[in-house]
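Undergrad: I would like to see how this sequence folds:
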Amino acid sequence: MLYRILVIFSFVTVSLFAKMDFVSPKPDFDHPRKWVVPVKTDDLHTVNHIIGGINNVLNEYPPETLQVAMVFYSSGMRVIKKDYDKATLKRLESLMDGYDVEMVGCLNTMKTMGWKKKEYIDGIEYKQAGIAEILERSVAGWTIFAPY
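TA: Reported below is the predicted structural model:
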């Protein structure tokens, strides 16, 4: 009986600390994985699910082997405004500060909505068209998907 308990405990312990089995070529400092996450909604549940997914993926990769860029456009531009949900903004700022996640905003959406750069959190990079930024990163070899 004690043997069975030890075997089960060992299996559970190893499972908890199992690391990702990367496909070749394995990501490294010189050849990191590159991931674009489109954010086109301001739905709080969806946005926090996206952030959680990004955190989960970042925790699987060794430091400096994954580059992540979140591209906000359409309703998603509301997410990075200073008056959005404070807890969510704190999570986004943590991604920028702790993991160097790029945050890219769409100037076309801002113009359409009449929003100004001063209404947004610090650290945002702006591109004329968020969708075009996603397309160009795709051509440059970035993987595009949203974890929701």
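Undergrad: From residue 39, how far out is the residue nearest the centre of the chain?
TA: The centroid of the chain falls nearest to residue 54 when counting by Cα atoms, centre = their mean (4.1 Å). The gap separating residue 54 from residue 39 is 10 Å, by Cβ to Cβ, to the nearest Å. (C-beta placed from N, C-alpha, C; glycine too.)
Undergrad: And the helices in this protein?
TA: Taking DSSP state H to define them, one finds helices in the chain at 2-16, 44-60, 86-99, 107-113, 130-139.
Undergrad: what about residue 103, how many neighbours?
TA: 23 (other Cβ atoms under 10 Å).
Undergrad: Now do the shared contacts for residue 54 and residue 39.
TA: In terms of Cβ atoms under 8 Å, 6 or more residues apart in numbering, residue 54 and residue 39 are both contacted by the residues residue 70.
Undergrad: wait, isn't the residue nearest to the centre of the chain in contact with residue 145?
TA: No - in this structure, residue 54 is not within contact of residue 145 by Cβ atoms under 8 Å, at 11.1 Å.
Undergrad: what touches both of those two?
TA: Common neighbours of residue 54 and residue 145 (Cβ under 8 Å, 6+ apart) are residue 37.
Undergrad: contacting residues for the residue lying closest to residue 113 once chain neighbours are set aside?
TA: Leaving aside its chain neighbours, residue 113 sits nearest to residue 77 (7.1 Å; criterion: Cβ to Cβ, 6 or more residues apart in numbering). Listed by Cβ under 8 Å, 6+ apart, the contact partners of residue 77 are 42, 105, 106, 109, 110, 113, 115, 130.
Undergrad: most neighbours, which of those residues?
TA: Of all the contacts of residue 77, the most densely surrounded is residue 105 (27 neighbours; neighbours counted as other Cβ under 10 Å).
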